[in-house]
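Visitor: Generate a structure from the sequence data that follows.
(chains A and B)
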Amino acid sequence: MRMTSSDDDLAVAAACGDAAAFSVLIDRHYDRLFGLCFRLLGTRDQAEDLTQDICAALPSKLRGFRGDARFSTWLYRVAVNGAHDWRRRAGTRAKAAEGWGDWEVARRAEADEARAAQDWLTTAMGSLPPDLRDTLALILDEEMTHAEAAAVLDVSEGTVSWRMSEVRKRLKAMSMEEARP
Amino acid sequence: MTDEIERLRAEMARATPTPDPARRAENLRLAAKNFDALQGTPDMARPTEARLVWGRLADGVTKMIDRISRRGAMIATTALVAVGAFVVLPTSTLMLQDRGSEYESFSTELESLSGSSHGLGGVMSMESSAPQAATRSRMSDALVVEDSMLRPRAPLGVVTDIAPPIEADTEAFANADTNPLKSVLEEPVSTFSIDVDTASYSVVRSSLTRGQMPPRDAVRIEEMVNYFPYDYAAPEGDVPFQPTVTVLPTPWNADTELVHIGIQGALPTTEDRPPLNLVFLIDTSGSMQAANKLPLLKQSFRMMLGELGPDDQVSIVTYAGSAGRVLDPTPASERATIEAALDRLEAGGGTAGQAGLQQAYATADEMAEDGEVTRVILATDGDFNVGLSDPDALKDFIADQRDSGTYLSVLGFGRGNLDDATMQALAQNGNGQAAYIDTLSEARKVLVDQLTGALFPIANDVKIQIEFNPATIAEYRLIGYETRALRREDFNNDRVDAGEIGAGHQVTALYEITPVGSPAVRIDDLRYGTSQVTVTSDEIGFLRMRYKTPGESQSQLIETPVMPGQGNVSDDIRFSTAIAGFGQLLRDDSYLGDWGYPQAIALANGARGEDAFGYRTEAVTLMRLAETLDRN
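Guide: From the prediction side, this is the model:
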């Protein structure tokens, strides 16, 4: 019975203090959340840490959940905001850059084939400005529509579509660059 | 050339690691533990902005600690951060101990188990001294976004004491600030459009029965009051409705009075009603799958079919998920065909159905003939991707269609995604009604018991204007109708849209008035520029109402003076007053003094009357729930 409950019902129940509902909910979303954290930040370590932070803070944050937004939308916004804070702090820590921002380091690493693909990905993600990167990180989620990404980022659906076409343009330019001898 | 995004998607899928199972288990445990720790601190049940600021700050601090302890990387830059962290840390730890044994386990764990302290974000937040200003401002921008999401429909418009005339397009507000107290000398005239929606009451009920206080902006007092059937005096002769005005003492203030305006719409006999053309425009997006959405919708419509006559026609158009006309216009007598089409509806997919709304209106045009009533009924859980994504274009489109004579009703289903603001905006623009359907009995109320009222308009663009007499009344305020304010000059402008009254509808409006010389007067006289009152009449004020007969563009006027002590105070009037008080309690309005839930419950209980449908009994139950929740 419980397993078939919708996320939103579970979230509302959890916000009212239902511990079982909360467990089901977070277990159900953990992997997707981790995936998003990875796409937002770019290293496994950071993704693990951010996911942990979100898990730890979620119970108190959830008290503010009133079912006005979809639970997944709400959760993803928590993640995107968490990633922002993370980067902002990373920015203040001199050049201790990590993740997608640290593509230069990765480029200097040895260049076997798998590495080259990873390299391309890291370069691609690293070259995007944060708003495009966040949008892309959301859209790469299989179940994410432009409308939902727009709700997460609190921008219009048109903005998401525009950003995605911008991403496409930049990636294409990067490939052209790559193809040049 | 392959799509770059697809390449990136594939690479990303390959690069994304699976979460570490051990950490996964640990994190889930941590979350559960923090969740449990939060229970039993009910004073935090309603988040405040301050708590969120602090929660965020505490998060930040613990994250920093996290980094330091986990990596042990004391390179120069990190050390700087560490200093910042330790400045704050002792305060928080001390405070936790002050909070008593409940949290002691946390403070000891703070060093060993870095993660667990995150859950304390909320706890630490409560009574601490101000954080370093710099930290707060750094955190605050992320916060604003998050907070606006929790209360997504913060009022866009601000009504202050020195209110400039409110813009005519009140549709922009889902809710606005509570109507302020006004001085009769400065602003003797109050104008608004009637509102027969009831969605707000259903949303309030759905929140309370789930154990949560409703979001303040979801509470629209006039919709709560108008949810209930009242037995006001029926109109006689040709007029479509009749106002009944009653002046009574205010339950929550001995020094003020209430002017209660009850409007009763005429109820033509069922045999006389014109044939009806209904186009159901149904959202079939994936989110509609929940039991309280599409299945409830199907049941509701099935119930409604039983109420239709042989001359009525039904058609079904879907959007989002599956798109298109799934049932061509069909006489209501062919019930099996209609039910089969309803049964075939399935929720699924996220594809945007194009032109759902246009198709619905085109179908409506096809069905419409002279002397018939045509209405589009939009049923959704909040996905208004009906083919026009720009909200303004959507409103314009609906307003255009309104002029063609087709009405629009919006039925909301389910919670979580419900876009109340858009629902309101569409129904207001489309000459229609918005209702929120959370249970089958609510569906029965809206679609069966009140079918005639919901589907057959008897008066369009109904506006109410009341001018108070400065010789007798010092101050007044309109209770509710915040989103329906009109400018004074719009009253006589027939091109300005307003609310509709359906057959047999009742509409109630309440003013709280403060007589001249009452100790309750709050606004001081102006030192300059107040002209002397030369009127000697003892009238309280003068009520004017404008309406259009459906199909006409010229409005008609009803006028009547309001006299002191007018009317009989019936159970209906007392009950509607209790609901108005209940709504104000839910909105935390400041005009009620010590009057609280117990008084509201007593007043409502004593005025339940016959209550054939049990609505009033249910309202009392909700008041009790709110009383309990509010105490926590």
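Visitor: Distance-wise, check residue B:190 relative to chain A.
Guide: Distance from residue B:190 to chain A, counting by CB to the nearest CB, to the nearest Å: 31 Å. Every C-beta, even on glycine, is put in place using the N, C-alpha and C of the backbone.
Visitor: Quick check: residue A:23 vs chain B, distance?
Guide: To chain B, residue A:23 is 6 Å away according to CB to the nearest CB.
Visitor: Closest to the mean position in chain B, which residue would that be?
Guide: Nearest to the mean C-alpha position of chain B, by CA atoms, centre = their mean, lies residue B:218 at 3.2 Å.
Visitor: Revised request: answer the last question for chain A.
Guide: In chain A, the centroid-proximal residue (CA atoms, centre = their mean) is residue A:36; its distance is 3.4 Å.
Visitor: Report the contact partners of it.
Guide: Residues near residue A:36 by CB atoms under 8 Å, 6 or more residues apart in numbering or on different chains: A:76, A:79, A:137, A:138, A:141.
Visitor: so which two of those are the farthest from each other?
Guide: A:79 and A:141 (10.8 Å; CB to CB).
Visitor: the more surrounded of the two?
Guide: Counted by other CB atoms under 10 Å in any protein chain shown, residue A:79 and residue A:141 do not tie: residue A:79 has more neighbours, with 26 against 18.
Visitor: Hmm, that one is touching residue A:54, no?
Guide: Yes: taking CB atoms under 8 Å as the definition, residue A:79 is a contact partner of residue A:54 at 6.0 Å.
Visitor: Give the residues shared as contacts by those two.
Guide: With CB under 8 Å, 6+ apart, residue A:79 and residue A:54 have common neighbours A:33, A:37.
Visitor: Which parts of chain A are strands?
Guide: Secondary structure of chain A (DSSP state E): no strands located.
Visitor: before we move on, what about the stretch 151-300 of chain B?
Guide: B:182-183, B:189-193, B:241-250, B:253-265, B:276-283 (DSSP state E, counting those that start in this stretch).
Visitor: Of those, flag the one that's most buried.
Guide: Comparing the strands of the stretch 151-300 of chain B by mean neighbour count (mean count of other CB atoms under 10 Å in any protein chain shown), strand B:276-283 comes out on top with a mean of 26.
Visitor: lowest confidence element among the helices and strands of chain A?
Guide: Lowest on mean pLDDT, DSSP states H and E among the helices and strands of chain A sits helix A:103-108, with a mean of 44.
Visitor: Of the contacts of residue A:36, which is the nearest to chain B?
Guide: Using CB to the nearest CB, residue A:137 is the member of the contacts of residue A:36 that sits closest to chain B, with 8.8 Å.
Visitor: Neighbours of the residue lying closest to that closest one once chain neighbours are set aside, how many?
Guide: The shortest distance from residue A:137 to any non-neighbouring residue, by CB to CB, 6 or more residues apart in numbering or on different chains, is to residue A:39 (3.7 Å). By the criterion of other CB under 10 Å, residue A:39 has 24 neighbours.
Visitor: Identify the residues contacting residue A:39.
Guide: Neighbour list for residue A:39: A:136, A:137, A:140, B:12, B:16 [criterion: CB under 8 Å, 6+ apart].
Visitor: Confirm that the fourth one sits in a helix.
Guide: Yes: counting by DSSP: H, G, I helix; E, B strand; the rest coil, one finds residue B:12 located in a helix.
Visitor: Mind pulling up the pLDDT for it?
Guide: We have a pLDDT of 87 for residue B:12.
Visitor: show me the contacts for it.
Guide: Contact analysis of residue B:12 by CB under 8 Å, 6+ apart lists A:39, A:121, A:140.
Visitor: Excluding covalently adjacent residues, which one is nearest to the second one?
Guide: With sequence-adjacent residues excluded and distances taken as CB to CB, 6+ apart, residue A:121 is closest to residue B:11, at 4.3 Å.
Visitor: cool, and residue B:412?
Guide: Spatially, and ignoring its direct neighbours in sequence, residue B:412 is nearest to residue B:436 (4.2 Å; CB to CB, 6+ apart).
Visitor: For the one you found, what are phi and psi?
Guide: phi -120, psi 120 (degrees, to the nearest 10).
Visitor: Wait, it touches residue B:205, no?
Guide: No: judged on CB under 8 Å, residue B:436 makes no contact with residue B:205 at a distance of 9.0 Å.
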